[in-house]
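Trainee: fold the following, please.
(one chain, ligands or ions: 1)
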Amino acid sequence: MAFVDEKLVAYYSLKQDGESLWLDNLWVLPDFIGQGIGKQLFQHALERCRVRGVSILKIESDPNAQAFYEKLGACKMDEHHSTVDGQLRTLPIMVVNLQGRIATLYLGDTLK
Ligand SMILES: CC(C)(COP(=O)(O)OP(=O)(O)OC[C@H]1O[C@@H](n2cnc3c(N)ncnc32)[C@H](O)[C@@H]1OP(=O)(O)O)[C@@H](O)C(=O)NCCC(=O)NCCS
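Mentor: All right, here's what the predicted structure looks like:
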């Protein structure tokens, strides 16, 4: 969770899935978007993975957030398709391999 002046402005959660973890949620309140809070929380999530000895973090991303995750070292590996109110919905599945080159390049500081 992230607080500004004691107000909860953002949070994330992780969900175990075998030997990997899913980033279950990552939300920043609209008034606080674009201030680096999402990046800090994502890096915190990666640090939690590392501490738990988990090398793969998966994300079912909102399509609008895909570029955000790519910027932070995630790669698209798949898509989830569903139907919501008769409309086809496609969500990118992103992955960060914490043992891989991508993590080393983009997240070296958090891997030390
Ligand atoms: C997606 C989200 C978590 C990003 O959080 P944020 O606090 O706004 O992001 P940050 O300010 O930490 O941005 C980090 C970097 O990513 C970039 N970025 C942020 N959102 C982006 C987007 N949607 N597309 C492309 N780049 C993005 C920023 O420009 C910034 O780049 P910089 O480091 O070069 O300056 C936030 O916008 C959000 O909560 N959105 C609504 C809910 C949502 O879609 N959550 C994801 C569910 S899977």
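Trainee: contacts only, for the residue in the chain positioned nearest to the ligand.
Mentor: Across the chain, the shortest distance to the ligand (CB to the nearest ligand atom) belongs to G38, at 2.1 Å. Every C-beta, even on glycine, is put in place using the N, C-alpha and C of the backbone. G38 sits next to 10, 26, 28, 68 when contact means CB atoms under 8 Å, 6 or more residues apart in numbering.
Trainee: keep only those of the residues you listed that are also close to the ligand.
Mentor: 26, 28, 68 (CB under 6 Å from any ligand atom).
Trainee: just these: which are in helices?
Mentor: Assigned to helices by DSSP state H, the following of the ones next to the ligand among the contacts of G38 qualify: F68.
Trainee: would you turn the ones next to the ligand among the contacts of G38 into a markdown table with pLDDT and neighbour count?
Mentor: Shown next, in a markdown table, are the ones next to the ligand among the contacts of G38 (pLDDT from 0 to 100; neighbours: other CB atoms under 10 Å):
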| residue | pLDDT | neighbour count |
| --- | --- | --- |
| L26 | 97 | 20 |
| V28 | 98 | 19 |
| F68 | 98 | 16 |
